[in-house]
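> Here you go, sequence then predicted model.
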Amino acid sequence: MVYSLPEEVLEHVFSFITSDKDRNAVSLVCKSWYEIERWCRRKVFVGNCYAVSPGIMIRRFPELRAVELKGKPHFADFNLVPDGWGGYACSWIDEMSRAYPWLEEIRLKRMVVSDESLELISTAFKNFKVLVLSSCEGFSTDGLSAIASNCRNLKELDLRESEVMDLSGRWLSHFPDTFTSLESLNISCLGSEVSFSALERLVARSPNLKTLRLNRAVPLGKLSTLLHQAPQLVELGTGAYSSGIRSDVYTGLSKAFLGCKELKGLSGFWDADPSYLPALYSVCSRLTTLNLSYSTIRSPDITKVIGQCPNLQRLWVLDHIEDSGLNALALSCKNLQELRVFPSDLYAADVNVTLTEQGLVSVSQGCPKLQSVLYFCHQMSNSALITIAKNRPNLTCFRLCIIEPRTPDYLTHEPLDIGFGAIVKHCKNLNRLSLSGLLTDRVFEYIGTHAKKLEMLSIAFAGDSDLGLHHVLSGCESLKKLEIRDCPFGDTALLANVAKLATMRSLWMSSCAVSIGACKILSQKMPMLNVEVIDENGSLDSRLDSCLVEKLYVYRTVAGPRSDMPGYIWTMDRESANRI
Amino acid sequence: MDVTLGLLPDSPAGDDGGGVPSGVSTTVKSILTKEDNNKNNMVMCSEVSSSYPVGDQHLGDLELGLGLSIGGGGGGGGLKGKVVAGGGWSQYARILTAKDFKQNSCSSSSCSVSIPNSATSGFKRSATDSVSPTNGNSVVGWPPVSKAHRMPSLANENKSPTGNRISVTEQNKSKNRTAVINDYSNEKARISDKKYHSVKVNMDGSLIGRKVDLNAHTSYEMLAQTLEEMFFRRRSSTEAAKSSRLLDGTSEFVLTYEDKDGDCMLVGDVPWQMFLSSVKRLRIMKNSESNELAPRFQENNERRRTDVV
């Protein structure tokens, strides 16, 4: 029956299938479905840019409109990946510029992008619409000028958390006067000031602008001007949120916020002055997302704001919120789904905010829809973790960072094994977990046994022996990304689970106990893996096989070993440990 | 709390069952047993069943053949192993027990590492980053906070009482005006307390900048060496490395830095510690652009070294 349906019909049916997982499933049904599907696939996500080559992707999917790539390992965010590691977008953009003249969207994360590539994007793709550069680097405002000047149909330019060589703010003025299609602009990571009048005119002629995230340099006094030009905004990131004592600024701001009937998300708030917060009370009842994590306002002020936000779904905040603020959150925000509490003062010897495990317990009790947690704190107990787990079995993401490594349960001085064990046991849909505190191999036993849907696991300063790693690799069926630092995990567990590594996207192990010899064996046994040893202490050739490696990054690939590694990365090739 | 789990491999896979979930289940022989004839056969590669549904996103990305997937071990329990004969690895050709994992395999005396069995001790490494921190401050990349949320300025932020109408930045400005030296030495103390003090380094003619951790260096010599390795090292070049040193003027480049006042200064003029406290970023400048620094440059031109980098 199915085989008698003409291709056009099947193609039409497939056009309703947009999720990557479903598309992949479709392509595996039979050869003809594979063929039909590959010609009509319009977007692809490549979780590791070295897992496949641009050529292979282009050969299989000749008609893409949107490509998303990720480069460096996640631990690059924490300076664990040395500079020059790789993740260059250049070859991808070059090949795509030839193969996909109708490409519309490029999303890159943790990749190195050059100005030349940005220029190429701006000229090669006639209908280019969306550019998202998340935590990228290697480009300057000159590249942005090219995008601004040439992309006539640009809808989205999002530079979130990228490191941009900020030569000047003039690039924004390069958007031509005829350019009116902008829907989303995020320049929050830029240091230098953009021309305000150019920004204002841009906003004024962009009737579809829904998301605007300004950088710190945009003064608060000018914010109301922008808001008056764009009352249709749904997401706003303010610049610096202080302006001395200026009642005119305050009044102007209040009036402007009153006019923003569609506003659902707020962020920015650098240097926030609490006296300006009431200006935004009029939008609070509609707010679903609030990011106060760049501001140092204290708990009473935070509490006043969130008390007005009954529809809040996502809150990012510093630990200044304290337990009292979190208690208030638990009472007011019954729709809360995601909470992230960041540490304010990483280097203080004494803790001067009262944020403890109690705050998280309150939120877990009071917010029935809570799914995603990122929480930095100084103390934790097993009983708190067990309570949280029992309160919130619907958690899908649980990342706890107890700031001092190897901190035990502060009440019992025991390891936190059973606490995290409870989390994985009760939260059956947990797909992301980050561990901290004092942990033995037991916690990994619990994880291997219960965390069947876990896809990403981050481990630091934990475990006693290889048994811990073995539990994880042999038990976590859905594991895709595993990143480990400073744990006594070594050769035995790694080599006992080599096949597992081919089912995962990647494995990162730094400051562990893996030897060069094991890396060689792993590489020999698993030709579909790239086994990369990062070692900045000189050549590996002169060292014994029993010597430990600094950092190991293993990932599956169909593209073979990469050719753009810097001098301090060694790939274990089949015959020897020589660098390629 | 009633989580009770036996030790591997005796325990069954947990109370909710770790068996193969529903979905296509393809039993594939492991790659190891297939391809290794004479080589040392490693380990427990077992018959594994696919625990991934056929439509797994990443399988799709990797263009594996139809229905073929290599699954992880089915279930959280022990490894069911095929006994594979092999040379030196025969010790692994049996079912692994907890005992096996307690022995560590690193026995090299040249690497100063000890793998502890107790949960509380760290272990030393010969690498630069410490893994036995006494406090969270001294470890690279810990706590895991990304750059956007790493706010050293908050450490010095005036913790004003709430309701204060004067903005925080204004307060800081006045504080700075009256007590520059004090704040400055606080900042410096904090910087040197941190294990990690990195500054950006840009080289003329190179678009991609680098970062270098100044606290990992103790002298100008060391810093220059690191920078030379970063920017001038060639991976597979047959030409000899330039026998140039950034500090003595024999290179075609000169090492300069931008200090806290925004001025461009030649590296090496002030004592190292003073340099550390005032440097904001580094720049490897082409000789041709360094005319304003002429006097010292010409003087150093006299000396030549022949050390190879």
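That came through fine.

> Which parts of the stretch 301-450 of chain A are strands?
A:314-318, A:338-342, A:372-377, A:397-402, A:432-434 (DSSP state E, counting those that start in this stretch).

> Adding mean neighbour count, write those strands out as JSON lines.
Any C-beta I mention is one placed from the backbone N, CA and C, and that applies to glycine too. As requested, those are arranged in JSON lines below (neighbours: other CB atoms under 10 Å in any protein chain shown):
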{"stretch": "strand A:314-318", "mean neighbour count": "23"}
{"stretch": "strand A:338-342", "mean neighbour count": "23"}
{"stretch": "strand A:372-377", "mean neighbour count": "22"}
{"stretch": "strand A:397-402", "mean neighbour count": "22"}
{"stretch": "strand A:432-434", "mean neighbour count": "21"}
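
> Just send those back as TSV, with mean pLDDT too.
Rendered in TSV, the data for the strands of the stretch 301-450 of chain A read as follows (pLDDT from 0 to 100):
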stretch	mean pLDDT
strand A:314-318	97
strand A:338-342	97
strand A:372-377	97
strand A:397-402	97
strand A:432-434	98
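
> Can you add distance to A:Tyr446 and give these back as a markdown table?
Listed next are those as a markdown table, based on distance: least, CB to CB, whole Å:
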| stretch | distance to A:Tyr446 |
| --- | --- |
| strand A:314-318 | 29 |
| strand A:338-342 | 24 |
| strand A:372-377 | 18 |
| strand A:397-402 | 13 |
| strand A:432-434 | 11 |
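
> could I get those as JSON lines with distance to chain B?
As requested, these are exported to JSON lines (distance: least, CB to the nearest CB, whole Å):
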{"stretch": "strand A:314-318", "distance to chain B": "8"}
{"stretch": "strand A:338-342", "distance to chain B": "5"}
{"stretch": "strand A:372-377", "distance to chain B": "6"}
{"stretch": "strand A:397-402", "distance to chain B": "5"}
{"stretch": "strand A:432-434", "distance to chain B": "8"}
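
> Compare those and give me the one nearest A:Ser184.
Across these, the minimum distance to A:Ser184, taken as CB to CB, is reached by strand A:314-318, at 17.5 Å.

> what about A:Lys520, is that helix, strand or coil?
A:Lys520 carries the three-state label helix when classified by DSSP: H, G, I helix; E, B strand; the rest coil.

> That one - how many residues pack around it?
Neighbour count for A:Lys520, taken as other CB atoms under 10 Å in any protein chain shown: 20.

> okay, the residue of the stretch 251-400 of chain A found nearest chain B: pLDDT?
Proximity to chain B, evaluated over the stretch 251-400 of chain A using CB to the nearest CB, is greatest for A:Asp273 at 4.2 Å. Looking at A:Asp273, its pLDDT reads 92.

> Pull the number of nearby residues for it.
When neighbours are defined as other CB under 10 Å, A:Asp273 has 26 of them.

> At which residues are the helices of the stretch 1-150 of chain A located?
A:7-14, A:20-27, A:31-40, A:54-60, A:90-99, A:115-124, A:141-150 (DSSP state H, counting those that start in this stretch).

> thinking A:Met165 is in contact with A:Ser140, fair?
Yes - A:Met165 lies in contact with A:Ser140 (CB atoms under 8 Å); the separation is 3.6 Å.

> Do I have it right that the residue of the stretch 251-400 of chain A closest to chain B meets A:Ser242?
Yes - when contacts are counted by CB under 8 Å, A:Asp273 is listed as touching A:Ser242 (3.6 Å).

> ok so B:Lys280 is a helix residue?
No - following the definition three-state DSSP, B:Lys280 is strand and is not counted among the residues of a helix.

> Excluding chain neighbours, what is closest to it?
Ranked by CB to CB, 6 or more residues apart in numbering or on different chains and with sequence neighbours excluded, the top spatial neighbour of B:Lys280 is B:Glu258, at 4.9 Å.

> Can you mark which positions in whichever helix or strand the one you found is part of are buried?
Counting by DSSP states H and E, the secondary-structure element that holds B:Glu258 is strand B:253-259. By neighbour count, and taking 16 or more other CB atoms under 10 Å in any protein chain shown as the criterion, the buried residues in strand B:253-259 are B:Phe253, B:Val254, B:Leu255, B:Thr256, B:Tyr257, B:Glu258, B:Asp259.

> and it, what other elements does it pack with?
Secondary-structure packing of strand B:253-259 (3 or more CB pairs under 8 Å, 6 or more residues apart in numbering or on different chains; DSSP states H and E): strand B:264-266, strand B:279-286.

> Tell me which residues are up against the last one.
By that I understand strand B:279-286. Contacting residues not belonging to strand B:279-286 are listed as B:199-205, B:212, B:214, B:227, B:231, B:246, B:252-260, B:262, B:264, B:267 [CB atoms under 8 Å, 6 or more residues apart in numbering or on different chains].

> any idea where the helices of the stretch 151-300 of chain A begin and end?
Here the stretch 151-300 of chain A has its helices, by DSSP H, counting those that start in this stretch, at A:196-204, A:220-229, A:247-258, A:281-284, A:299-306.

> which of the contacts of strand B:279-286 are buried?
In the contacts of strand B:279-286, the ones that pass as buried (16+ other CB under 10 Å) are B:199-203, B:212, B:214, B:227, B:231, B:246, B:253-259, B:267.

> just to revisit the earlier point, with just CA atoms, put the strand holding B:Glu258 into CSV.
Taking C-alpha atoms only, strand B:253-259 is exported to CSV below (Å, rounded to 0.1, in the frame of the first residue of the first chain):
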residue,chain,number,x,y,z
PHE,B,253,57.5,41.4,16.5
VAL,B,254,57.5,43.3,19.7
LEU,B,255,55.6,42.4,22.8
THR,B,256,53.5,45.2,24.2
TYR,B,257,50.6,45.6,26.6
GLU,B,258,47.8,47.9,27.4
ASP,B,259,47.8,49.0,30.9
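
> of all of the stretch 151-300 of chain A, which residue lies closest to chain B?
Of the residues in the stretch 151-300 of chain A, the one nearest chain B is A:Ser242, at a distance of 3.7 Å by CB to the nearest CB.

> Please state the backbone phi and psi of A:Leu287?
In this entry, A:Leu287 is assigned phi and psi values of phi -70, psi 130 (degrees, to the nearest 10).

> That one: neighbour count?
When neighbours are counted by other CB under 10 Å, A:Leu287 comes out with 23.

> show me what contacts it?
If a contact means CB under 8 Å, 6+ apart, then A:Leu287 has A:Leu263, A:Lys264, A:Gly265, A:Leu266, A:Cys309, A:Asn311, A:Leu312 as its contacts.

> low-scoring stretches of the chain, by residue?
Picking chain A for this. Counting by pLDDT under 70, the low-confidence segments of chain A come to A:1-3, A:346-352, A:573-580.

> that's the wrong chain, I wanted chain B
Per-residue confidence of chain B (counting by pLDDT under 70) places the weak regions at B:1-138, B:151-196, B:233-249, B:289-309.

> rerun at 80
Per-residue confidence of chain B (counting by pLDDT under 80) places the weak regions at B:1-138, B:150-197, B:206-208, B:231-252, B:287-309.
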